[in-house]
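> Test case, fold it:
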Amino acid sequence: MRRTVPLVLAAALLSAACEPYGDIRGFAPAPGTVDKLEVGSQSREDVVRLVGSPSAVGTFNPNVWYYITEKQENWGPSRPWIAEQNVIQITFNEQGRVANIKYYDLKDAQNVTMVSRITPTSGKELTVLEQILGNVGKFSGPRQQSNPGAPTGGGP
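Numbering: from 1, shown residues only. Model (predicted):
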């Protein structure tokens, strides 16, 4: 009996340590605030007052605001993964009123692959040794000034 209690306790601690845990990042709306948004009647100021400032603003269109929420989960020493992601896109018309509201989640996400090309540059490619030896003799010693320091307003 005395040996089984520490073993059971150790097994419980180990199983609790392996439990996945989550971390919520980004926009966390108060319950019911997003539901109060109405198309056509609310201005930008109303949206900021009701929901808060956006997580991001459209790069090429400042009339598009994004509110982004992401929940990351982690299990033991593994890298975290995205368990949930919610994006609210609010589009404003030219008068500054809400024109459209769209909701996106993780199944709407797309992987973006980076382009692996290298931009060519003009000039000669130098080796490390050419770069080091190319600067030999190009620098002179420190220059001496005839009056170092700032002028003073001293008396006679």
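> Can you show me the strands along the protein?
Counting by DSSP state E, the segments of the chain that form strands are 21-26, 56-57, 64-74, 81-92, 98-105.
> pLDDT (mean, whole number) over the shortest one?
Within the predicted structure, the mean pLDDT of strand 56-57 is 92.
> ok, residues contacting stretch 80-90?
Residues from elsewhere that reach stretch 80-90, judged by C-beta atoms under 8 Å, 6 or more residues apart in numbering: 22-23, 27, 34, 37, 47, 54, 64-74, 98, 100-106, 108-109. To be clear about C-beta, it is placed using only N, CA and C from the backbone, and glycine gets the same treatment.
> how about the CA coordinates for that stretch, as PDB?
Once non-C-alpha atoms are left out, stretch 80-90 reads as follows in PDB (Å, rounded to 0.1, in the frame of the first residue of the first chain):
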ATOM      1  CA  PRO A  80       2.800  25.100 -30.600                       C
ATOM      2  CA  TRP A  81       0.100  24.800 -33.300                       C
ATOM      3  CA  ILE A  82      -2.900  26.900 -34.100                       C
ATOM      4  CA  ALA A  83      -6.000  25.200 -32.700                       C
ATOM      5  CA  GLU A  84      -8.500  28.100 -33.500                       C
ATOM      6  CA  GLN A  85      -8.400  31.200 -35.600                       C
ATOM      7  CA  ASN A  86     -11.200  33.700 -36.000                       C
ATOM      8  CA  VAL A  87     -11.000  36.900 -38.200                       C
ATOM      9  CA  ILE A  88     -13.700  39.500 -38.400                       C
ATOM     10  CA  GLN A  89     -13.400  41.800 -41.500                       C
ATOM     11  CA  ILE A  90     -15.200  45.100 -41.300                       C
END
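> For stretch 103-120, list the C-alpha coordinates in PDB.
Listed next in PDB are the C-alpha coordinates belonging to stretch 103-120 (Å, rounded to 0.1, in the frame of the first residue of the first chain):
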ATOM      1  CA  TYR A 103     -16.300  36.200 -40.500                       C
ATOM      2  CA  TYR A 104     -13.400  33.800 -41.300                       C
ATOM      3  CA  ASP A 105     -12.100  30.800 -39.300                       C
ATOM      4  CA  LEU A 106      -9.200  28.300 -39.600                       C
ATOM      5  CA  LYS A 107     -10.800  26.400 -42.400                       C
ATOM      6  CA  ASP A 108     -10.700  29.600 -44.600                       C
ATOM      7  CA  ALA A 109      -6.900  30.000 -44.000                       C
ATOM      8  CA  GLN A 110      -4.400  29.400 -46.800                       C
ATOM      9  CA  ASN A 111      -0.700  28.600 -46.600                       C
ATOM     10  CA  VAL A 112       1.400  31.200 -48.400                       C
ATOM     11  CA  THR A 113       4.700  30.000 -49.900                       C
ATOM     12  CA  MET A 114       7.500  32.400 -50.100                       C
ATOM     13  CA  VAL A 115       9.300  33.000 -53.400                       C
ATOM     14  CA  SER A 116      12.900  31.600 -53.200                       C
ATOM     15  CA  ARG A 117      14.300  33.700 -56.000                       C
ATOM     16  CA  ILE A 118      17.200  36.000 -55.300                       C
ATOM     17  CA  THR A 119      17.200  39.600 -56.600                       C
ATOM     18  CA  PRO A 120      20.300  40.000 -58.800                       C
END
